[in-house]
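Asker: Show me the folded form of this:
(one chain, ligands or ions: 1)
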Amino acid sequence: MPRVTPRVIVLGAGFGGLEFATVLSDEFGDDLDLTLIDESGEFVFGFSKLDVMFGRTTAQAVKLPYRNVVKPGVRVLRETVTSIDAAQRRVTTDRGVHEADFLVVGLGADYDLAATPGLAEAGHEFYSLAGAVGLAEPLATLSRGRAVVGVCGVPYKCPPAPSETALLLHDLLTARGVRDRCEITFTIPLPSPVPPSPDTSRALTAAFGDRGIEFVPGRLVTHLEPGRRVAVLDDGTEVPFDLFLAVPRHRVPEVVARTFDLAGDGFVPVDRASMQTQFPGVYAIGDVTSVGVPKAGVFAEGQGAVAAAAVIAAIRGGSSGGYDGRGVCYLEFGGGRVGRVDVDFFSGPTPTGRYSEPSTELVAEKRHFGSSRRARWFGMSG
Ligand SMILES: Cc1cc2nc3c(=O)[nH]c(=O)nc-3n(C[C@H](O)[C@H](O)[C@H](O)COP(=O)(O)OP(=O)(O)OC[C@H]3O[C@@H](n4cnc5c(N)ncnc54)[C@H](O)[C@@H]3O)c2cc1C
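Answerer: From the prediction side, this is the model:
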């Protein structure tokens, strides 16, 4: 039985872990003993990486320090998780051992550059902050030739992000006065940019066409040939490049792979009603799971709330609702315009998505999406 003050450990302070910790702190206040563990000192929104890569802001400006997470009943530790004994709900880090009544795993997805031969030598990934920083200079100096935006594995985070990258790349090269000397090729393994929403996919495909971006759907990049500077697709097609912008292959973190029986997609299976794993009292949320929605912050956050409700129900009694697979994604169309798609993965027989055309209201709404999380999780205004 859990003690009166439940000991809760949350691994990973991403969208999922931060939301989970916030809901529990709101519920129990000082009657909570929650430890939030992350090896990083700062949180960074995924979309901030595009802002950094395209020179709209700096890496320093987008880092949100975890020391600003100050909540009743919550302490944040900067430690690296090295092993998880899920049956005993015991976690070992580089600094010690922690034991919990409830354990939540929100360690996200890691990148596996080595899974794509030639990528580390000849390409640039833009999915980490360091990768985005590293691309700022090549993007600021590319003056002729072909830039390729390519995806090297499935599943991958935020499926619309590479579409946004292709459109923002067009804007950057146009602003720099070199667009007519550069070609852009954009390839994704999905059949369309946002499969649950044909309207969104049509709008994006039209935007690529209007801007002269060559769009190759349904194709994965298998490897790069650094010497010949070609990207090879899974049907053998070779795409020459001068600059290769990669979504690297994703994988479950090694420490998680050693702990759970993984699903067919290589991530952690959970019970959708509670986000509980195969181990009682152990929950998994966000990108680390195989719950059946794309990997995105908005979904990780929703799963954090569902796991929190399940833990509250386990402590206080009662029941909790399940995970509904709904979320809102904002889409950068370029030209300072932002569109929106409301997706719903589980309520109908197939996933659906409702498209809202780009507008200035949506620019403000996207800004609010970020600022409201900064306020809720980090106590920051503005
Ligand atoms: C370019 C780009 C654009 C994106 N745009 C959007 C968007 O517009 N909207 C949206 O909803 N999503 C977007 N995303 C996706 C979003 O960032 C992720 O899906 C989201 O961060 C997942 O949340 P999470 O809580 O599962 O994991 P994460 O946020 O990845 O957090 C996992 C945490 O675990 C920590 N960790 C990992 N291993 C260890 C360890 N061994 N020990 C200790 N700590 C560890 C990490 O430091 C990290 O802080 C984007 C992603 C990218 C890359």
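
Asker: Got phi/psi on residue 59?
Answerer: Phi and psi for residue 59, reported as degrees, to the nearest 10, are phi -60, psi -40.

Asker: same thing with the one 4 residues further on?
Answerer: With angles defined as degrees, to the nearest 10, residue 63 sits at phi -80, psi 130.

Asker: To what extent is it buried, counted in neighbours?
Answerer: 15 (other CB atoms under 10 Å). Quick note: C-beta positions are derived from backbone N, CA and C, even for glycine.

Asker: What's opposite the nearest residue to it once chain neighbours are set aside in the beta bridge?
Answerer: With sequence-adjacent residues excluded and distances taken as CB to CB, 6 or more residues apart in numbering, residue 63 is closest to residue 42, at 3.9 Å. Beta-bridge partners of residue 42, counted by DSSP bridges, are residue 65.

Asker: give me the number of residues near residue 42?
Answerer: The burial count for residue 42: 17, using other CB under 10 Å.

Asker: Repeat that for residue 275.
Answerer: By other CB under 10 Å, neighbour count at residue 275 equals 33.

Asker: from here on, count from 10
Answerer: Will do, 10 is the new start, and the previous item becomes residue 284.

Asker: Now do the contacts for it.
Answerer: By CB atoms under 8 Å, 6 or more residues apart in numbering, residue 284 lies in contact with 292-294, 298, 300, 312, 315-316, 319, 332.

Asker: and the residue in the stretch 260-391 of the chain that the ligand sits nearest to, how many neighbours?
Answerer: Residue nearest to the ligand within the stretch 260-391 of the chain: residue 295 (2.2 Å; CB to the nearest ligand atom). Applying other CB under 10 Å, we find 32 residues neighbouring residue 295.

Asker: can you give me how far stretch 49-62 is from the chain middle?
Answerer: Relative to the chain's own centre, stretch 49-62 is displaced by 10 Å; criterion: CA atoms, centre = their mean, to the nearest Å.

Asker: how about the helices in the protein?
Answerer: 24-37, 55-62, 68-71, 128-131, 138-150, 170-184, 207-219, 263-266, 306-325, 369-387 (DSSP state H).

Asker: Just put those helices in a markdown table and tack on distance to residue 247, mean pLDDT and mean neighbour count.
Answerer: Converted to a markdown table, those look like this (distance: least, CB to CB, whole Å; pLDDT from 0 to 100; neighbours: other CB atoms under 10 Å):
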| stretch | distance to residue 247 | mean pLDDT | mean neighbour count |
| --- | --- | --- | --- |
| helix 24-37 | 37 | 98 | 25 |
| helix 55-62 | 26 | 97 | 20 |
| helix 68-71 | 34 | 98 | 14 |
| helix 128-131 | 13 | 98 | 18 |
| helix 138-150 | 21 | 96 | 16 |
| helix 170-184 | 19 | 98 | 22 |
| helix 207-219 | 21 | 98 | 17 |
| helix 263-266 | 33 | 98 | 17 |
| helix 306-325 | 35 | 97 | 23 |
| helix 369-387 | 37 | 97 | 15 |
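
Asker: quick one: residue 33 from residue 97, how far?
Answerer: Residue 33 is 21 Å from residue 97, where distance means CB to CB, to the nearest Å.

Asker: Could you list the residues of the stretch 210-359 of the chain in contact with the ligand?
Answerer: Within the stretch 210-359 of the chain, the residues that sit near the ligand (CB under 6 Å from any ligand atom) are 262, 264, 295-297, 304-307, 309, 338-339.

Asker: And the residues you listed, which two are furthest apart?
Answerer: The most widely separated members of these, counting by CB to CB, are 264 and 339 (31.8 Å).

Asker: Surely the residue of the stretch 260-391 of the chain closest to the ligand is in contact with residue 25?
Answerer: Yes - applying CB atoms under 8 Å, one finds residue 295 in contact with residue 25, separated by 3.4 Å.

Asker: Between those two, which contacts overlap?
Answerer: Contact criterion CB under 8 Å, 6+ apart; residues bridging residue 295 and residue 25 by contacting each: 115, 309, 312-313.

Asker: farthest pair in the residues you listed?
Answerer: Put simply, by CB to CB the two of the shared contacts of residue 295 and residue 25 set farthest apart are 115 and 312, 8.3 Å from each other.
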